[in-house]
Every structure is written in structure tokens, then in C-alpha cells.
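Q: The following comprises the amino acid sequence and a computationally predicted model.
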Amino acid sequence: MTRTLSMDQPDDRNRLDAMVQGVIGKPLDRLDGPAKVTGSALYAAEYAIDNCAEGVLVTATIAKGEVTAIDEASVLNMPGVIAVISNDRMTARAAQGGAGESPVRKVRQVAYRGQPIALVVAETFEQAREAAKRLQITYREDDDAVIDQHARALPTETSGEPTIQGNLDRAISEAAHAVDVTYTTECHNSAPMEPHASIAQWDGTTLTVHASLQMLKYNVKELADSMGLAPENVRLLSPYVGGGFGSKLGISADVAAASVAAIELGRPVRVVLSRQQVFQSVMRRSETTQRLRLAADSEGRLTGFGHEGRVSNLPGESFAEPVTQASEYLYPGENRTLRIDVARLNLLTAGSVRAPGEAVGMQALEGAMDELAVIIGIDPVELRLRNIPDRHPAKDIPYSSRPLAECLKTGAERFGWDVGPRRPCHTREGEWWIGTGMATATRVHNLNEAEARVTLYPDGTAAVASDMTDIGTGTYTILGQIAAEMLGLDIKDVLVRLGDSSFPPGSGSGGSWGAPSTGSAVFLACEGIRERLAKRLDCTDEELTLKDGFATVRGQSIALPDLLKGDEIEEVGHFKDGAISDSFSSAMYGAFFTEVAVNAYSGEVRVRRFTGAFVCGRVLNEKTAISQCMGGMVWGIGSALTEENIFDKRHGHIVNPDLAEYHIPVSLDVPHLDVVLVDERDPAASPLQAKGVGELGICGAAGAIGNAIHDACGVRLRSFPFTPDKIIAELEAP
Amino acid sequence: MPLTINGHDHDFAGDPRTTLLDFLRRDCNLTGTKKGCDHGQCGACTVLVNGQRINACLTLAIMHDGESITTIEGLGTPDNLDPIQAAFVRHDGYQCGYCTPGQICSAKAMLAEAASNWPSFVSEDLSGAVRLTREEIRERMSGNLCRCGAYSNIVDAIVDVMEREQ
């Protein structure tokens, strides 16, 4: 049986709080923990499959043009080499999140340097790698490649419909206080620790691929489309995913290349991207140029709000980094201009990297807000508190919840925020300037259609199954907790199986929607099971108490196996995202507070303290939710201080395509992180009253660090990342 | 060529280009040791060679004639976790789990290095006894990248193990 709910209106029943198992929200250890810490969790490339050949991708060394010849003979006589494959069932770009169709496949038409153009297959990895290096490629190179992403004059097109309301120019000129500043951010890479990897097997009818992917229901369609197969003949398996952060939303080049090779050669083929290929051939977060215009009255209340961004992507790609996403709803100002222009470049595909939009949009906005607070001469927390609108400023719809003030106050108190206007260069410790900064956090709440199957077995244990993935987010554990709470079971009696496309299609992991969407599907399935149990006991679901494997009605208890009498109860929950986003503006909120030290001689920045107070609806597992927030804050440190992919302006080559030169934070860069979750129930968010938490911790975090740098040493930088060279150029003599 | 892995005898007779990492993962089916970058940049492949931590991707299998290798599989099993493994679970010192075996092997060796009074970049005194402050731990674990950003919990897990041992 299938139980369906479309999220068209708030669910005020709050059923989870009526349950008594007491497991929901608890900081349980992850169900997959022992497998992960012992190395027994298997990731995509790690399945031992007989007769598996090894493929290594060859990528383009020009930015734009055509492959005119591939000299297969140059490698086919090398030891172990089996084949050189280059055809239009392979994919030249990674699929965008949720595409559900093949990305561009013309691998011999080169649109960016690093584009996959061929696959060399050999008996061993060493042989394939050697041959891939030696493969002779001939190109016809175009001379009209557009590479310089920082060029002032690039032809652009507008992405979507701009928000234009009132007259921002006049609001700025008439304002008591105004800022008009431009922030920039550079390209980022998701850089998951597990490189993208696939093992494809073909039995003549069905293609089975162990792959590292985030959203299987779309990925099946993407791969089927690439191969010219029916989706029902494609099966994907991703039970463990070594991080994704957006880069595994759509199929990457390894998936189709391994599949083509397996089909053509009639044997299993493994393709693992090198770390360099993860950087050069999958996905980047676009660089951004963001003009922020803020007009305020004498009290600091916003009367005008402008956020205009320029981002980039390859020709033909619909994705444009949505830097204004949070600006649409976060702050007031009746005069508004929000727009995004996208330039077309011959650089790697731009797509979703953790928290697309807010990750880089919020750090720019929060920098500009800090500048406004300085100009007005008020505490930056107070400026935010004065600018919390009652309704969505453009759509004039209510917020489903709006606990930003609670986050600001809770965070400030925990941190020990020094209230008052910022007066830079106030504290010096030896070589170091010390300062503090803060920023608002927010991320839109997204939902997606999702299905999950829950089975209650005759012995009183249960199983949850969905093609949903756990990319480190804690999904196994929270889905188990939802089922355990609803069915009154010990968490140990719930088996959660994920990452198999033969299971009911979940939401996939992306846009922070996994927990509220697939979690709601599990909840619905459990409601169906509860109803059937209630029927056996001649009562309603509301009268039924399930706890510790017993069903209790009117003071009478019965063990589940006795109630089930050998029967198995299976239900599928089908959650639909519905129309509720038309009626409510729903988002997660938070506040960051940080203390940094800036070296007066070298310009080096060290983050010394970092507090985040967040609200994300009902917390499903306190431990994993806090970890998600911490992860986001670490990304904020990287975005603020070190992370940037640098492109060679002549050839479009990524100069730093690896983890030695693209600097993600390491342990010494990260202080003990202090995260507090503010409790909330948001009935408009989902039947769980829960929202997502996987991206919130990054959204604004880098802004807080930039603001703290200003407070420490008086240097206001607007070009992220704030590397020592930029700081030292502005520092006064020490 | 003989070598010992997790106390068991193994024989390497493969392609001399084979890294210790690929030998472990492919030929020995010990996939707990992870390949994150293959260039010694991320630490996901950290294993113990004669008790010392190294990046298995930066060394060839053929260079370890007669040596003793310990991988994550040699530390504990899901039913019998090493105290460090248990602490990682308790403190949520991981998320996706891909860097985790390397973090744990690294932590194991790092504690031994500190016990032997090896100084680090952040040590005030290069010759005295090492006191493992949180900053010392962070510095000594900085060769093991974690993109999920679990560092704060990883340090908590290591501190917990140290305190339980004392």
C-alpha cells in the first residue's frame, strides 16, 4: 500500500511529538559508524569483481576546438592495453543536479580544457594510466575561446526574472546611510575526499554500475539516456558515498565511460577519476562579482536593497550560481533590485557546490551589512535585529517561521559578544591583531518528491528502503530514528538500506532536502503501518501507543510478534513537495560569531573561536545535525581564507587542480567549533516539522570571518579569499 | 617478495609501478585504506609501516620487502573496535567516512610519536617532554584532510582516548 501526502498546507498534527519511544532527535551514534571506522564500508571503486578491466580517462589539452584524430595505434601495442574508446555515448560534461537526462556527449567537440575525450582500457590500472599519458591526440584549435573570467566586458545574459521593486537608485541617494560595494568570490571545487568512481557491469540486458552519486533516481535517467537504454535496464548502487557536496548530483564522466566500455568490451570496467580530473572535469562553483547596495534610514532600517551578481558557465548550461537566493527574503527594503547575469566562458562546467547561491551570496551580503553597521555606528547584531521583516519583502507572503532573532541573541550570548559599534585595531597580542565579527546565516528550505518503503516483520523488527543516499549527512541514522520513533522500536531493530536504485525513489541528497523529504516518506510509510496495527486492535492510530516493541491500547499491551501473528506489514510512503512554497517563505536561519587573529607582519589570519547558533526546524539527530553545521563552518573558513581555483588566462588550464595547491582547511586551521541548535517546530516545512541542515553552516560563515578581520586590523577586503598578500597590502606598518 | 600485512604473510610479485596503496586495495582486497589523491596530499591512505605512519600512495609496494604493514583492518573490527575507532563513533569524528581510516591510523601513530617526545611545528620546546594540547593534536593531524569538516570532533575523539588511557 502507498500512503501519499502532498505538502500543500502546514501539518499541524505534530505526530512525532505524540510518540513515546524517545529516540527522535537524540544524539545517537551513526548506524554506519562501525563500518566506517573499520574500513569495512565499501565505496564505489572497492567492489572485488572478477575479470574487471581498468579504464583511465584522457582529457582535452585545449580550451576550445575539435579532436581531429586519436592515434589508437600509439598505445594499443603497449602491454595490457585492451581498447581506446571515444564516442558519443560518453559524456563530455557532468550532469547538472536533477537533470534527469544525459549531459552533453560530444566528447570530440572540446568546450573546455580538461573535458574528457577518450578512455583507455587495460588489464591493470598501471597499464591504463601509462597508455592514457601516451595517447596521441590531434586537435583543431579554435581561436575564439573565452577564458578570462575576470574580464570586465564579457557578453552576458540575464538569468531568470530580476526582482525590480520601487526605485533603488533614489532610495540610495535619499538614504540617511548607504553602502554601494562590490564583492568578488573565486571558483570553488567540491573536492569530496572520494574521487568520482564507477564499476560498470553489462549482462547483455541490464547495466549495473557501482558509482558514487547523490541522486540515483535522476542519475538512472541520465545514464540510460547516455547509453540509449531504457531506465529499467539501468541499476545504480551507491550505498556509501565519500562526500559529494554537489559534485555527485549528476553523473560524472566516469559513469558513462565505464558503462560504454563494459558494454563494448563485454566485461566489467572500473573508471576512477584522478584527483586532478575531479578538479578539471566535473564541476566548479562559478566565480562571482556581486554589487551590494544598501540604503538605510537614520535608525538603520533598510529602505533599499540591491544585490546584483555576475556569474559564469559554459555555453548551453542553464545553471547560474543563484547568489541572490537569500537576498530575496532575508532583509527588508521596499526599493529592491535583485538580478543575476551569466557570462559564457570556455571553462569547466559551473554547477552546484554545497549551498549554491547562499554559500557565496551570503558572505558578500553580510560583509556589506557589516560595512553599513560601521557607517551607521551601531552594533552589527543590532543592525540585523532591526531588519527582520514580518512578511516576505517582495512576494508579501508570510514566513513559515522566522527565528533569526533567537539565533542572533543565543549566539551572541554563548560567544560573549562585545556589544557596541566596532572600533577596529582595539586589541593587540604580540604580533597579532585580535578582532571579532558576526554574520547572519540563512538557507532556503527545499523539498523534493520522495518515496520510501518500510516493512514491519513478524518478529517485530523493521526495515527501511529507499534509493536515497547518505553522503555523510547521517541519513541512515535519522531515517532509522524516524521509523523507530513511529513504530516504537529500539533503533537496533530497524535496518536501513539506501543507495540502490531498485528501491523506491527517494529525494536524493541535495539542496538540504534529504531529511525533510525522504524522512517524510519514511514517516508516511510508518503512519500507514500504524494504521494497520490500529485496525487489528480495533482502535485509531491516535489511541495506539507503540513503545519498545509493544502495542498498547486502553491499558492493554501486546508484543508486536503476537499482534502480527506471522504477518508482515509493508507500506510505501510517497511524499510530494506540493504547493506550500507558494504560501510560505520557508528557510533555515542562524548566526555566526568569530574571533580572529591577524598577523601584523605577515597578514596571516587564524580563526581562534567560532560559534554558530542555528535553527532548522525539528532536529532529527542532535549529534549528526551539529556535525553538519560544523562542516559548513569549516567550509566557511576555506571560503574566507584559502579556497580558489585559479585558471590560466591563456589556456584555461586550472593552475591548482589538486589538494596540495587548492587549500581546503586542515585541522590546524579549525578551532574547537561551538554549535548550538535552537529548538523549533515548523509545521509548514514538512510533516516532521523538520528542515534541512546540510548547507546552513556555510551560508554567511565567511562573511563573519571577513568582518572579524576588519575589526581586528581595520582592513576591509572585498575579494574573497582573504589571503595574506591581500591583507598585507592594506595593513598599516606594524 | 614477502611482506606482512596485519600479521598475515603476503607475497608481492606484481608490476613494479604498483604503489603500496594499490597493492593493498586491489591485490590484497584491503579497501579500508582509501585513495583520495594518489599524490600524498590528503592522508586518506595513511597506514603504519613498522609502526610509523606513511602515505601508502607515495611508496611502491616493492620497496617494503620483509616489512610489517598495519592497515585499518588490522586495528579492529565492527564487533571489536579499537578504542580510537570507538571514540570516533562516539564523537562523530567523521561524516562521509572516506578519510576516516586514514585519520584513525594517523591518530594511532601520532599518539605514539608524542609519547616518544617527537616535537612538532607548534611545540614550544623541541627537546623536552611533549604535552599533547589540542593545538598539538591539530597540528599533528593536519596531514589528514577531511572535506566534511569533522576536525573539531576528531580532536575531541583523540583527547577522549588520551584521557581514558591516563
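A: Alright, I've got the coordinates.

Q: which non-adjacent residue is nearest the residue nearest in space to the middle of chain B?
A: For chain B, the residue whose C-alpha lies nearest the mean C-alpha position (C-alpha atoms, centre = their mean) is B:Cys105; its distance is 2.3 Å. The spatial neighbour of B:Cys105 that comes closest, neighbours along the chain excluded (C-beta to C-beta, 6 or more residues apart in numbering or on different chains), is B:Thr46 at 4.5 Å. Just so you know, the C-beta spots here come from the backbone N, C-alpha and C atoms, and that holds for glycine as well.

Q: Surely the one you found is in contact with B:Cys57?
A: No: contact criterion C-beta atoms under 8 Å: B:Thr46 and B:Cys57 do not qualify, at 9.7 Å.

Q: Give me the more crowded residue out of the two.
A: B:Thr46 (28 against 23; other C-beta atoms under 10 Å in any protein chain shown).

Q: What are the phi and psi values at that one?
A: Here is the backbone geometry of B:Thr46 (degrees, to the nearest 10): phi -60, psi 130.

Q: tell me the contacts of it?
A: Taking C-beta atoms under 8 Å, 6 or more residues apart in numbering or on different chains as the contact definition, B:Thr46 lies against B:33, B:53-56, B:101-103, B:105-106, B:109, B:143-144.

Q: can we see that at 10 Å?
A: By C-beta atoms under 10 Å, 6 or more residues apart in numbering or on different chains, the contact list for B:Thr46 reads B:33-34, B:53-57, B:71-72, B:99, B:101-110, B:143-144.

Q: re earlier: for B:Thr46 and B:Cys57, list the residues in contact with both.
A: The contact lists of B:Thr46 and B:Cys57 share B:33-34, where a contact means C-beta under 10 Å, 6+ apart.

Q: Tell me where chain B has helices.
A: Using DSSP state H, the helices of chain B run over B:20-22, B:83-90, B:100-115, B:134-140, B:151-165.

Q: In contact with the closest residue to chain A within chain B, which residues?
A: Of all residues in chain B, B:Gly32 sits closest to chain A, with a separation of 1.8 Å (C-beta to the nearest C-beta). B:Gly32 makes contact with A:35-42, A:46, B:24-25, B:47, B:71-75, B:100-102, B:104-105 under the criterion C-beta under 10 Å, 6+ apart.

Q: Give the helix, strand or coil label for the residue lying closest to A:Val342 once chain neighbours are set aside.
A: In space, and not counting its chain neighbours, A:Val342 is closest to A:Ala320: 4.2 Å by C-beta to C-beta, 6+ apart. The three-state label for A:Ala320, taken from DSSP: H, G, I helix; E, B strand; the rest coil, comes out as coil.

Q: Was I right to think A:Asn51 contacts A:Ile199?
A: No: no contact is recorded between A:Asn51 and A:Ile199 when judged using C-beta atoms under 10 Å, the distance being 11.6 Å.

Q: Who has more neighbours out of those two?
A: Taking other C-beta under 10 Å, A:Asn51 and A:Ile199 do not tie; A:Ile199 has more neighbours (26 against 9).

Q: and whichever strand or helix holds that one, which strands flank it?
A: Using DSSP states H and E, A:Ile199 sits in strand A:197-202. Neighbouring strands of strand A:197-202 in its sheet, by DSSP bridges, are strand A:207-211 (antiparallel), strand A:269-272 (antiparallel).

Q: and the next element down the chain from the shortest one?
A: Using DSSP H and E, the next helix or strand after strand A:269-272 towards the C-terminus is helix A:275-281.

Q: So which elements touch that next one?
A: Using 3 or more C-beta pairs under 10 Å, 6 or more residues apart in numbering or on different chains; DSSP states H and E as the contact definition, the elements that helix A:275-281 packs against are strand A:53-59, strand A:116-122, helix A:253-265.

Q: mind running it again at 7 Å?
A: strand A:53-59 (3 or more C-beta pairs under 7 Å, 6 or more residues apart in numbering or on different chains; DSSP states H and E).

Q: who does the strand it packs on pair up with?
A: Applying DSSP bridges to the sheet, strand A:53-59 is found paired with strand A:116-122 (antiparallel), strand A:269-272 (parallel).

Q: Ok, which of these comes nearest A:Ile70?
A: Shortest distance between A:Ile70 and the strands paired with strand A:53-59, using C-beta to C-beta, is found for strand A:116-122: 5.8 Å.

Q: For chain B, what is the nearest residue in chain A?
A: A:Gly39 (1.8 Å).

Q: residues touching that residue, list them.
A: Contacts for A:Gly39 (C-beta atoms under 7 Å, 6 or more residues apart in numbering or on different chains) come out as B:31-33, B:72-73, B:101.

Q: Out of those, which is nearest to A:Gly590?
A: Minimum distance to A:Gly590 across the contacts of A:Gly39 is 32.2 Å, recorded for B:Pro101 (C-beta to C-beta).

Q: re earlier: let me know the secondary structure of the residue of chain A closest to chain B.
A: Recorded secondary structure, A:Gly39: coil (three-state DSSP).
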